[in-house]
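# sequence and predicted structure, then a few things I'm wondering about:
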Amino acid sequence: MPIHPTAIVDPRAQIAESAEIGPYCIIGAEVEIGARTRLMAHLYIEGPTTIGEDNIFFPFASIGVASQDLKYKGERAETRIGHRNRIREFVTIHRGTQGGGLVTSIGSDTLIMTYSHVAHDCRIGDHVILGNSVGLAGHVTVEDWADVAPFTGVHQFCRIGRHAFIGPYSVIKQDILPFSLTSNKPEVNVFGANSIGLERRGFAKPSIESLQTAFRLLTRSNLNTSQAIERIRAEVPPCAEVDELLAFIHASERGVVK
């Protein structure tokens, strides 16, 4: 395996033969790195951390280190990262804690841009984009295909639904609806369905139109959430995406951004 002579790799780490460890990387015990994953330079990774195949980590990222949560008392916790992810410069990813299931996890095909932070016990799905300097507090869930634009902060325990897009400089304190376009102009509100993103990903036009109608009833009809849901069920042509939207609202514990 190509390991640069300046790298420090604990002998207890498990490194695939085809993985590449660049200059000045530090790899701790109980770190597992899969095939063809590349650590460019100056990476710091603590275990227990499992990293899959075909990932690329850019310089100065810090992965799997202890949580900043003051309740963390050194309990054994881990970090899990899937396949084909791109982790850019100065990204920090902290391992889990007792209070959150002891795992921080990132799926596959995800891009985490420069200076972003993934705190303890976060769950990030597949095909997610976190823009530059996005900050996720502890216990945040980001579902598949969500896109969080730069300089956005997300409060602990919030959920970001599938295929949601969040505009830059947003402060997220409640759950973000799946399929929504949410931005902070002049305050954080839903501006309808993420129609461009959904079209690019092959969603049917009738489904997008049903979502747009549902979002109009939720956000612009002067109805409360319960009343809007009744109208959606009565008036919007049924589809799987609208069903998912309503199920997401029903399951929300923090309330949803509208």
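Perfect, I can see it now. On a predicted model such as this, the values are computed, not experimentally measured, just so you know.
# and the helix or strand harbouring H250, what does it pack onto?
Per DSSP states H and E, H250 falls inside helix 240-251. If you count contacts as 3 or more Cβ pairs under 8 Å, 6 or more residues apart in numbering; DSSP states H and E, helix 240-251 packs onto helix 205-219, helix 225-235. Any C-beta I mention is one placed from the backbone N, CA and C, and that applies to glycine too.
# pretty sure H163 sits against N194.
Yes: if you go by Cβ atoms under 8 Å, H163 and N194 touch, sitting 5.8 Å apart.
# and those two? Which one has more around it.
Shown here are H163 and N194; by other Cβ atoms under 10 Å, N194 has more neighbours (29 against 23).
# where does the stretch 101-250 of the chain dip in pLDDT?
186 (pLDDT under 70).
# overlap in contacts of H163 and N194?
F179 (Cβ atoms under 8 Å, 6 or more residues apart in numbering).
# who does the helix or strand T182 falls within pair up with?
Using DSSP H and E, T182 falls within strand 180-183. Partner strands and pairing direction for strand 180-183 (DSSP bridges) are strand 165-166 (parallel), strand 189-193 (antiparallel).
# distance check, G96 against S180.
As for G96, its distance to S180 is 28 Å (criterion: Cβ to Cβ, to the nearest Å).
# can you tell me the SS state at R12?
coil (DSSP: H, G, I helix; E, B strand; the rest coil).
# so for the strand holding T182, what gets flagged as buried?
Judged by neighbour count using 16 or more other Cβ atoms under 10 Å, the buried positions of strand 180-183 are S180, L181, T182, S183.
# ditto for stretch 149-161
149-161.
# how long is it end to end?
15 Å (Cα to Cα, to the nearest Å).
# ditto for stretch 154-167
OK, stretch 154-167 end separation, Cα to Cα: 12 Å.
# could you check how far it is from the centre of its chain?
How far stretch 154-167 lies from its chain's middle: 8 Å, per Cα atoms, centre = their mean, to the nearest Å.
# repeat that for stretch 182-194.
19 Å.
# grab the CA positions of that stretch and hand them over as PDB.
Presented in PDB, the C-alpha positions along stretch 182-194 are these (Å, rounded to 0.1, in the frame of the first residue of the first chain):
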ATOM      1  CA  THR A 182     -35.900  26.900   2.200                       C
ATOM      2  CA  SER A 183     -34.100  30.100   2.600                       C
ATOM      3  CA  ASN A 184     -33.600  33.000   5.000                       C
ATOM      4  CA  LYS A 185     -34.800  36.000   3.000                       C
ATOM      5  CA  PRO A 186     -35.800  37.900   5.000                       C
ATOM      6  CA  GLU A 187     -36.200  35.000   7.600                       C
ATOM      7  CA  VAL A 188     -36.100  31.300   7.300                       C
ATOM      8  CA  ASN A 189     -39.100  30.200   5.300                       C
ATOM      9  CA  VAL A 190     -40.200  27.600   2.800                       C
ATOM     10  CA  PHE A 191     -40.500  29.000  -0.700                       C
ATOM     11  CA  GLY A 192     -42.100  25.900  -2.300                       C
ATOM     12  CA  ALA A 193     -40.800  22.700  -3.700                       C
ATOM     13  CA  ASN A 194     -37.100  22.200  -4.700                       C
END
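# quick one: contacts of that stretch?
Outside stretch 182-194, the residues that touch it by Cβ under 8 Å, 6+ apart are 163-173, 176-177, 179-181, 208, 211-212, 215-216, 218-219, 257-258.
# filter the residues you listed to the buried ones?
163-167, 170, 172, 176-177, 179-181, 208, 211-212, 215-216, 218-219, 257-258.
# list the contacts of V103.
Neighbouring residues of V103 by Cβ under 8 Å, 6+ apart: A77, E78, T79, R80, R95, G96, D121.
# next, find the distance separating it from S18.
The value you get for V103 to S18, if Cβ to Cβ is used, is 26 Å.
# show me the contacts for G28.
So G28 contacts D10, A13, I45, E46, G47, T49, G64 (Cβ under 8 Å, 6+ apart).
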